[in-house]
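Colleague: Structure for this input, please:
(one chain, ligands or ions: 1)
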Amino acid sequence: YGLDSGLSNYSFPENFILGVSTAAFQIEGAWNEGGRGESIWDKFLHEHPTYTPDNSSADVAADSYHRFKDDVRIIRDLGVSTYRLSISWSRILPNGTDNYINAEGVQYYRNLFDELAKYNITPMVTLFHWDLPQMFMDLGGWTNPEMVDYFEDYARVAFNLFGDVVKIWTTINEPHQHCYNGYGTDYFAPALESYGVGEYLCDHYILLAHARVYHLYDREFRPKYKGKIGITLDAFWADPLDPTKEEDREAAERYMMMNLARYANPIYSAEGDYPAVVRARINTISQLQGFPRSRLPYFTAQEIEDLRGSSDFFGLNHYTTFLMTPSRMEKGWRVPSSDHDTGVRLSQNPAWPKPGAEWFSVYPPGFRKTINWITQKYGTKVPIIVTENGLSDFGGIKDYARVSYFNKYMYQMLLAMYEDGCNVQGYFAWTLMDDFEWKDGYVSKFGIYHVDFTSPERTRTPKLSALNYREIVRTRRINFDYIVPPKTASSN
Ligand code: GBH
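Modeller: Numbering: from 1, shown residues only. The predicted model follows:
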């Protein structure tokens, strides 16, 4: 598959967006400055100081609240046209609700957008990248249907404030990761551990909140601002553990249906709603478990309509691949769980490079397959924008593994575009700089710029992957020989 030397035969089309991504909670710090309100992640980290392996919090993080000009300087150095960031909801609405707007928080984003505008860098803004105002959590967070209204109120404030300069919006980042890890398990804040129950409520109301905000923009803001709005979904690729086994091939498809199509079908399919196979499995297992009704909530006919077509693009975050075989569920299957509902056992090929986080290994063809799977299911009319893709390691400026990852993954994306006819219109590298990597604290690194977390200046230094990405942006091609690891260094 693909190249590992020379210059890519394909190049990025002229109007193809090349950008770089971050998220507010992971970089901003200043958690209680400038009138900001508490988010679920602040509260969770303060109450569980040993949650991360380095006992860290995001109280300061990369200090982007004070150092946003440094961020813009390095974004400019990369030469990218677009910067994807998220707004911290509780920075502009400290209580979550829109009855009080925090002028200082508004000014922060206004300053950032002004600074970007000076250099012709377009912001792409995510409204919700997991940092829910704590006040809402006390009311049940996303399991509360009223959240749909509150999210709409917040979005209206954001569109009114920034709609003049922000022309690409994403409503929600990765509903699946947020609800599974935060509401299903204790992996992320708010750590509800409402496995197979609360997580589906969270998914359900997040999807409805997304649709509500899509239509708000479409109706009230698009006519004057002419922007685009969509959602970002996460997708690992699922390959069968043993491709010759029917049951492993089925397990892989089931994984994709449960973890990607469960979110994508309601929005992008012609018929709308949760996929029939997902509905059937969760209904059946719920019944066997003695539930009086399905743990997967139902949309009304009106809601199905509201969701259908409610995204101008398919925002895709892709990182890695897992291998699938059916799980037997002998033990404990009566306990409701989305993993039992999916019914697969995950592994990764030990031959794949594993440069960092436990869940992360490198298999570039999985990216092309993911893009093709989406295209086969939902067609080419709605463009795919890759809103995140990047590599985890444990640090170092000479990040050859990351250089190689970006080259190979981006090349697979070019193949999906040019050889398979997939409609991909943008790509954002995750992430601009080392940041607070949720459960992994500052141990797992994704940055193309190094951040010195021991210096008060939080100095940003380009890694080799930043130089390599800059060259890709400049030439709009991939040169596999631009940065070559020394023969002695291990390379991926
Ligand atoms: C993205 O999530 C996030 O959008 C971003 O904020 C984050 O920094 C980036 O990825 C890197 O992680 O339960 O075994 O899968 C991607 C999905 C979600 C992958 C949490 C790792 C935890 C381990 N990530 N998941 S596992």
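Colleague: Report the secondary structure element holding residue 36.
Modeller: Using DSSP states H and E, no element contains residue 36; it sits outside every helix and strand.
Colleague: residues from the stretch 101-250 of the chain in reach of the ligand?
Modeller: 173-174, 177, 181, 187, 234 (Cβ under 6 Å from any ligand atom). For the C-beta atoms, the positions are set from N, CA and C on the backbone; glycine is no exception.
Colleague: Buried among those residues? Need that as a selection in PyMOL.
Modeller: Typed into PyMOL, the line below selects the buried ones among these, using 16 or more other Cβ atoms under 10 Å:
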select buried, resi 173+174+177+181+234
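Colleague: quick one, strands of the stretch 101-250 of the chain?
Modeller: 122-128, 168-173, 228-234, 237-240 (DSSP state E, counting those that start in this stretch).
Colleague: Save these as TSV, and put in mean pLDDT too.
Modeller: Listed next are the strands of the stretch 101-250 of the chain as TSV, based on pLDDT from 0 to 100:
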stretch	mean pLDDT
strand 122-128	99
strand 168-173	98
strand 228-234	99
strand 237-240	98
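Colleague: Looking at the ones you listed, which is nearest to residue 417?
Modeller: Residue 417 lies closest to strand 237-240 among the strands of the stretch 101-250 of the chain, at 17.0 Å (Cβ to Cβ).
Colleague: just the CA coordinates of the closest one, formatted as CSV?
Modeller: Extracted C-alpha coordinates of strand 237-240, given in CSV (Å, rounded to 0.1, in the frame of the first residue of the first chain):
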residue,chain,number,x,y,z
TRP,A,237,-11.6,1.4,11.2
ALA,A,238,-12.7,-2.2,11.9
ASP,A,239,-11.1,-5.0,9.9
PRO,A,240,-12.0,-8.7,10.5
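Colleague: Just send the strands of the stretch 101-250 of the chain back as JSON lines, with distance to residue 321 too.
Modeller: As requested, the strands of the stretch 101-250 of the chain are arranged in JSON lines below (distance: least, Cβ to Cβ, whole Å):
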{"stretch": "strand 122-128", "distance to residue 321": "25"}
{"stretch": "strand 168-173", "distance to residue 321": "21"}
{"stretch": "strand 228-234", "distance to residue 321": "13"}
{"stretch": "strand 237-240", "distance to residue 321": "4"}
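Colleague: tell me which of the residues of the stretch 101-250 of the chain next to the ligand is nearest to residue 401?
Modeller: Using Cβ to Cβ, these come closest to residue 401 at residue 234, 21.6 Å.
Colleague: ok, what's across the strand from that closest one?
Modeller: residue 317 (DSSP bridges).
Colleague: which stretches of the stretch 1-150 of the chain have low pLDDT?
Modeller: Within the stretch 1-150 of the chain, the stretches with pLDDT under 70 are 1-3.
Colleague: and whichever residue of it sits closest to the ligand, what is it in contact with?
Modeller: Residue nearest to the ligand within the stretch 1-150 of the chain: residue 23 (4.9 Å; Cβ to the nearest ligand atom). Going by Cβ atoms under 8 Å, 6 or more residues apart in numbering, residue 23 touches 85-86, 126, 129-130, 173, 431, 435.
Colleague: switch the cut-off to 10 Å
Modeller: 84-88, 126, 128-131, 173, 388, 430-431, 435-436, 438 (Cβ atoms under 10 Å, 6 or more residues apart in numbering).
Colleague: same thing with residue 355?
Modeller: Residue 355 neighbours (Cβ under 10 Å, 6+ apart): 361-362, 391-394, 399-402, 404-405, 444-445, 490, 492.
Colleague: That one and the ligand, how far apart?
Modeller: 13 Å (Cβ to the nearest ligand atom, to the nearest Å).
Colleague: and that residue, backbone torsions?
Modeller: Taking degrees, to the nearest 10, you get phi -80, psi -10 for the backbone angles of residue 355.
Colleague: what number of residues lie near residue 359?
Modeller: By other Cβ atoms under 10 Å, the residues close to residue 359 number 16.
Colleague: tell me the pLDDT at the residue of the stretch 301-450 of the chain found nearest the ligand?
Modeller: The nearest approach of the stretch 301-450 of the chain to the ligand comes at residue 359, 3.9 Å away (Cβ to the nearest ligand atom). Note on residue 359: pLDDT of 98.
Colleague: how far away is it from residue 438?
Modeller: 12 Å (Cβ to Cβ, to the nearest Å).
Colleague: Can you check which residues contact both of the two?
Modeller: residue 444.
Colleague: sorry, back to before: quick check: chain neighbours aside, which residue is closest to the residue of the stretch 301-450 of the chain closest to the ligand?
Modeller: Distances taken as Cβ to Cβ, 6 or more residues apart in numbering place residue 320 nearest to residue 359, at 6.8 Å, with adjacent residues excluded.
Colleague: same question, residue 67
Modeller: residue 458 (6.0 Å).
Colleague: Would you quantify the distance from the one you found to residue 81?
Modeller: Taking Cβ to Cβ, one finds residue 458 at 25 Å from residue 81.
Colleague: Would you confirm that residue 73 contacts residue 116?
Modeller: No - counting by Cβ atoms under 10 Å, residue 73 stays clear of residue 116, with 11.1 Å between them.
Colleague: okay, the two: which has more neighbours?
Modeller: Using other Cβ under 10 Å as the criterion, residue 73 and residue 116 rank with residue 116 on top: 21 against 13.
Colleague: residue contacts, the more buried one?
Modeller: Listed by Cβ under 10 Å, 6+ apart, the contact set of residue 116 reads 68, 71-72, 75-76, 82-83, 85, 122-123, 165.
Colleague: Counting neighbours, which of the residues you listed comes out on top?
Modeller: Among the contacts of residue 116, residue 85 has the most neighbours (other Cβ under 10 Å), with 27 neighbours.
Colleague: That one belongs to a helix, doesn't it?
Modeller: No - under DSSP: H, G, I helix; E, B strand; the rest coil, residue 85 sits outside any helix and is assigned strand.
Colleague: Just confirm it contacts residue 122, I think it does.
Modeller: No - using Cβ under 10 Å, residue 85 and residue 122 do not qualify as a contacting pair, with a distance of 11.2 Å.
Colleague: got any residues that touch both of the two?
Modeller: With Cβ under 10 Å, 6+ apart as the test, residue 85 and residue 122 both reach 113, 116, 166.
Colleague: Next up, the contacts around residue 52.
Modeller: Counted by Cβ under 10 Å, 6+ apart, residue 52 has contacts 45, 58, 436-443.
Colleague: Turn those into CSV, columns for neighbour count.
Modeller: Conversion of those to CSV gives the following (neighbours: other Cβ atoms under 10 Å):
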residue, neighbour count
45, 23
58, 26
436, 24
437, 21
438, 22
439, 17
440, 20
441, 17
442, 19
443, 16
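Colleague: contacts with the ligand among these, please.
Modeller: residue 437.
Colleague: Filter the contacts of residue 52 down to the ones in helices?
Modeller: residue 45 (DSSP state H).
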